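Engineer: what follows is a predicted structure for the sequence shown.
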Amino acid sequence: MKFIRCNILFLFILFLSLHPSVGQDAAFDWQRKGEFKGGKLEGAVSFSIGEKRYVCLGSDGNNYKKECWEYSPKNSSWARIADFPGDARINAVAFTIGEKGYVGTGQTMIGASFAAKKDFWMYNPLKDLWTKIEDLPGDARCFAVGFSIGDKGYVALGQPIGKTYLCSDLWEYSPSTSQWTKKSDFPEKGGREEASVFVANGSAYVLLGKTSSWKDLVKPKQKNAFEYNPKNDKWSASADFLGSARVGAISFSINNKGYICAGSDGLSKRFNDMWEFDPKKNKWEQKADAEFSPRHSSFWFVVDNRIYIGGGNITSKVTEMGGASDLWCGTAKPEKVIVDYNAKLIYEDKNRKMPLSQQGVSLIGLEKKVIQTTKTDNKGLFVFKELDAAGKYELVLDRNDKLPANAIVSITKPSGKIIQNLKKNEDGLFSYEIPDLNVSEEDDSYFNLKNFASSTEKNITITSNIIYLQSSWEITKEAEDLLYQVIVSLNQFPQLELEISSHTDSNGDDASNMQLSEMRAKAVVDYILSYGVEAKRVKGKGYGETMILNKCKNSVECSEEEHKLNRRTEFKFIKTQ
């Protein structure tokens, strides 16, 4: 029995070692998009112009190529375009500036020997025409990195074949002058080759690859990264890459996040792991592996929120060219938005709304699982932290024997604005389904006074219909709910004072209506003051039927709806500062 358990444990550990992304969130939904029409290809370059994508150069495992292809993502079709006019080559660089593509450097064959290149060519898709531009200054090289930011293109690092050093220089190309300009050198001594680069938030991030150190001769060791800011021509250290050191990786950015995928350890190991970099947090996070087979030296391009990856070397033999021809598309999953949920619980006791303090609250997720628990504070406030804004949640209150049997419990915004009265679920517990967490912060009162409070206006009058019993000034339950929101507004905006005007219709005699409106105004003021609002901030006055809004004055026949317009209470909020 012990032997069986040991073997099961061994197999489980082996499974984890072979599947490092078990439990990782998937950053992309993958779909096979058929085959690259140019056949097997590795060591190629790609660039984007408008709605089209372009793949050039590379090797099929036997010969270096000059072929170039145009891809239409709209109908998933490939078309052959004009061949690259320079020498056939691999491991070149490419970038896009405006409506032109730029390709240069790389490794070619002269007889039986390898040679590095420094020529550069511009492609015009409207004319299907290549034009030679100024050569890259400095050493001819292969395995460099190329990228563009704004209206400039950049080339850095690389291997000058036959030299005892690697390149560490950085060059900027400007189409407006058709010239290259030397920029600040890569900060690490000795340079690098086979590095990776992506652009996010206006900066380039360069990482991975190999140095000229003897330690990197067999397997790459470099996991440190550097950010280049073209605005000040400065390099700065960025967060170290957390995955395995590698060469020939896929590097790209989508939604201002950087990604590293695939690559090789310089020997037989190929990768298909996926890593995401957040420049704002300066943090790497592993995502679920890509669904294509492990490879290095692939071509790739981005279309909106999709990454296309094709070709590459998939053989495990170090000295063998093992090109692939498959094409894959990964669609970026919507970015998870993390939010806190803040709310407040109140209950009604003897016609007064009170904070429900020290009340246990559970947050229920899918499959009725409890995700978090908390308690309200003395003001009835509570918070659940770091929730997925797209998630579906339910709040369930713990059983509370201290609550009156017929208590009305409400959930409000932190300001006190009532959202909803709670109902009991099948277990007899108050519950509330949160409709949407992914909303902009709104902490306003019932009367939406936030804009007024920040404006230059001195006062604002809001009319509401408070329901009274006939010939009565007693505050009804419906009136209490409205007046509670008035109190919330006064508490939220302490710089405001309130004038209350009570009006009647023309039914009945004038004197009685005046007296009735004065009593109603006083009742409203008294109710608001009972919640601790300072008396100097609230005034009330009755106007009877002296301010009729329509034709319905004495002796004029009107409908009930017309009379109703005149039975009103006006709340005039006034700024004191």
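Structural biologist: Arrived safely, thanks for sending.

Engineer: so which residues make contact with stretch 285-296?
Structural biologist: Applying C-beta atoms under 8 Å, 6 or more residues apart in numbering, the contact partners of stretch 285-296 are 19-21, 24-28, 30, 42, 242-243, 246-249, 261-264, 269-278, 309, 312-314, 324, 326, 328, 330. (C-beta placed from N, C-alpha, C; glycine too.)

Engineer: ugh, wrong one, I meant stretch 481-493
Structural biologist: By C-beta under 8 Å, 6+ apart, stretch 481-493 touches 353, 412, 415-418, 444-447, 449, 453, 464, 466, 475, 496, 498, 524, 527-528, 531, 533, 537-538, 571, 573.

Engineer: same question, stretch 169-179
Structural biologist: Contacts of stretch 169-179 (C-beta under 8 Å, 6+ apart): 97-98, 100, 102, 120, 133-134, 136-138, 151-157, 180-186, 191, 228, 230.

Engineer: closest to the centroid, which residue in this structure?
Structural biologist: Glu335 (4.7 Å; C-alpha atoms, centre = their mean).

Engineer: so who does that residue touch?
Structural biologist: Contacts of Glu335 by C-beta under 8 Å, 6+ apart are Asn255, Lys257.

Engineer: which SS state does it fall under?
Structural biologist: Three-state assignment for Glu335 (DSSP: H, G, I helix; E, B strand; the rest coil): coil.

Engineer: from the contacts of stretch 285-296, keep the buried residues only.
Structural biologist: Taking 16 or more other C-beta atoms under 10 Å as the criterion, what is buried in the contacts of stretch 285-296 is 21, 24, 27-28, 30, 42, 243, 246-249, 261-264, 270-277, 309, 312-314, 324, 326, 328, 330.

Engineer: ok, back up a step: in PyMOL, select just the buried ones from the contacts of stretch 481-493.
Structural biologist: To isolate the buried members of the contacts of stretch 481-493 in PyMOL, using 16+ other C-beta under 10 Å:
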select buried, resi 353+412+415+416+417+418+444+445+446+447+449+453+466+475+496+498+524+527+528+533+537+538+571+573
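
Engineer: narrow the contacts of stretch 481-493 to those in strands?
Structural biologist: Among these, the residues falling in strands (DSSP state E) are Lys353, Thr412, Ile418, Ser464, Leu496, Leu498, Val538, Phe571, Phe573.

Engineer: surely the first one and Gly380 touch.
Structural biologist: By that I understand Lys353. No. The pair Lys353 and Gly380 does not pass the contact test of C-beta atoms under 8 Å, sitting 9.9 Å apart.

Engineer: so what sits against both of these two?
Structural biologist: Ile346.

Engineer: quickly find the element holding His37.
Structural biologist: Careful, residue 37 is Lys and not His. Taking DSSP states H and E as the definition, Lys37 sits outside all helices and strands.

Engineer: which residues sit in contact with it?
Structural biologist: By C-beta under 8 Å, 6+ apart, the neighbours of Lys37 are Trp69, Trp78, Arg80.

Engineer: mind giving me JSON lines with the residues you listed and columns for secondary structure?
Structural biologist: JSON lines is the format used below for those (three-state DSSP):
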{"residue": "Trp69", "secondary structure": "strand"}
{"residue": "Trp78", "secondary structure": "strand"}
{"residue": "Arg80", "secondary structure": "strand"}
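
Engineer: among those residues, which ones are buried?
Structural biologist: Trp69, Trp78.

Engineer: which one of the contacts of Lys37 is nearest Pro220?
Structural biologist: Trp69 (30.0 Å; C-beta to C-beta).

Engineer: biggest helix in the chain by residues?
Structural biologist: helix 510-529 (DSSP state H).

Engineer: show me which positions of the helix or strand hosting Ile487 end up buried.
Structural biologist: Secondary structure assignment for Ile487, by DSSP H and E: helix 477-492. Neighbour-count burial for helix 477-492 flags Ala479, Asp481, Leu482, Leu483, Tyr484, Gln485, Val486, Ile487, Val488, Ser489, Leu490, Gln492 (criterion: 16+ other C-beta under 10 Å).

Engineer: how long is stretch 328-345 from one end to the other?
Structural biologist: End-to-end distance of stretch 328-345 (C-alpha to C-alpha, to the nearest Å): 51 Å.

Engineer: chain center to it: distance?
Structural biologist: 7 Å (C-alpha atoms, centre = their mean, to the nearest Å).

Engineer: numbering from 725 from now on, please.
Structural biologist: Shifting the count to begin at 725 puts that one at stretch 1052-1069.
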